[in-house]
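A.B. asks: When you get a sec, could you give me coordinates for this:
(chains A and B)
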Amino acid sequence: MAERSTATPFQTLIDAHAGAVHAFLRGILPASDVDDVLQETMLAALRAYPGFDGSHPRAWLLTIARRKAIDEHRARARRPDPLAAPEQVAAAGDADGSDPELWGRVAALPPKQRAAVVLRFALDLRYREVGEALGCSEAAARRSVHEAVRALRAAAATETTEEVRR
Amino acid sequence: MSTEADLKRAAVAATGADLDIAALSAAVGRRAAAADILDLAYAEVDSPLGTLLAVRTPVGLVHLGYPNRSREAQLERLAARVSPRIIEAPAELDEVRRELDEYFAGRRRHFEVALDWQLTGGFVRAVLERTAAIPFGQTRTYGEIAAAAGSPRAFRAAGSALGANPIPIVVPCHRVLRSGGALGGYGGGLDVKRELLELEGVL
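C.D. replies: Numbers count the residues shown, from 1 in each chain, chains lettered A, B, ... in the order given. Coordinates of the predicted model:
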């Protein structure tokens, strides 16, 4: 019997990386979609696994997760549900001193910037791996994050100014 | 405002959540089996001998690992020899678990689960198939099994074949002894062989 290109059981990838994929999806999807898209991601990865070269499994899984999140987003757009609540990201608690308003502004970023911010700041990935997961260069990943940070600072400054005017 | 430290704090707070890996694996395993893309499902099965590792393909039980073996090493070997599409999906092993439970409780004398023989071939396979036919509570000698498999003088090779049994207990290689009645060898350790023979009333 022929030996395969990888001898790492798929379960090993689930054990090692499902937590990161879950956090990524929680950062870019409404909370109600996360579990199903996480399962879809793992199923698609399992299907493709015999052809996977075994390098950078976390970035590989995140790439698939992003594709599945986009599929879900398109499917949702095709079947508008009048009862559906407006998109909500998973609520950030402020018990730990974090700023839920800031995370609300992240949700309003363009999708790629938002994904880059989640990968960089929630998963603490290096820019090289952010780029791998988003299918772009390390430099482009760095640019996305910097543009996002600049946009968030600008939004915060506008809000502060408005508060002062009121 | 919006320093990278703030952003990091907010990102971790918004995305951090406990993930039940076992539940996720079970759900993915169930859907993968239904879609015919799960090549190997495994589960840990508690037994009086310790925790056994049961692994099946869509054909049937392909591997049963003794407690004294490393789970990671067994799964990596199966990944290389059968397929890396392996998920811990206990529901797929329900039937195996039930039959093993009944056997260890003394309520089952032979196994009915389907077997997948793909890890065996040639003389090994012939020896193991003869072994599978030895009834509960009976024993054979290495020489008898070798003869039944077509090579009367190959009793040593029969011993190695039994040592390579990928599905012990269910394929009862513990029922094969030396001609003088000595226990001979056993992959799971002689204590396990003795315990199984005691369970079956032979010792």
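
A.B. asks: And for residue A:23, nearest residue in space, chain neighbours not counted?
C.D. replies: If you skip the residues right next to it in sequence, residue A:23 has residue B:15 as its closest partner in space, 4.1 Å away by CB to CB, 6 or more residues apart in numbering or on different chains. Placement of C-beta: from N, CA and C, glycine included.

A.B. asks: what do you get for residue B:97?
C.D. replies: Looking at residue B:97 with CB to CB, 6+ apart, the closest residue is residue B:45, at 5.1 Å.

A.B. asks: Quick check, central residue of chain B?
C.D. replies: When chain B is reduced to its mean C-alpha position, the nearest residue by CA atoms, centre = their mean turns out to be residue B:64, at 0.9 Å.

A.B. asks: my bad, should have said chain A
C.D. replies: Centroid-nearest residue in chain A: residue A:24, 3.6 Å away (criterion: CA atoms, centre = their mean).

A.B. asks: correct me, but that residue touches residue A:117?
C.D. replies: No. In this structure residue A:24 lies outside contact range of residue A:117 using CB atoms under 8 Å: 10.9 Å.

A.B. asks: Excluding its own residues, what touches stretch A:105-114? List them.
C.D. replies: Under the criterion CB atoms under 8 Å, 6 or more residues apart in numbering or on different chains, residues A:27-28, A:70, A:73, A:87, A:89, A:117-118, A:134, A:144-145, A:147-148, A:151-152, A:155-156, B:7, B:10-11, B:14 lie in contact with stretch A:105-114.

A.B. asks: buried set for that stretch?
C.D. replies: Of the residues in stretch A:105-114, those buried by neighbour count under the rule 16 or more other CB atoms under 10 Å in any protein chain shown are A:105, A:106, A:109, A:112, A:113, A:114.

A.B. asks: Now do the SS call for the third one.
C.D. replies: When states are read from DSSP: H, G, I helix; E, B strand; the rest coil, the local structure at residue A:109 comes out as coil.

A.B. asks: so how far is residue A:122 from it?
C.D. replies: Using CB to CB, to the nearest Å, residue A:109 is found at 14 Å from residue A:122.

A.B. asks: buried set for the longest helix seen in chain A?
C.D. replies: Within chain A, and with DSSP state H defining each element, the longest helix by residue count is helix A:138-165. By neighbour count on 16+ other CB under 10 Å, the buried set for helix A:138-165 is A:140, A:141, A:142, A:144, A:145, A:147, A:148, A:149, A:151, A:152, A:155, A:156.

A.B. asks: Now for the residues you listed: which two are most distant?
C.D. replies: By the measure CB to CB, A:140 and A:156 form the most distant pair in the buried residues of helix A:138-165, at 24.7 Å.
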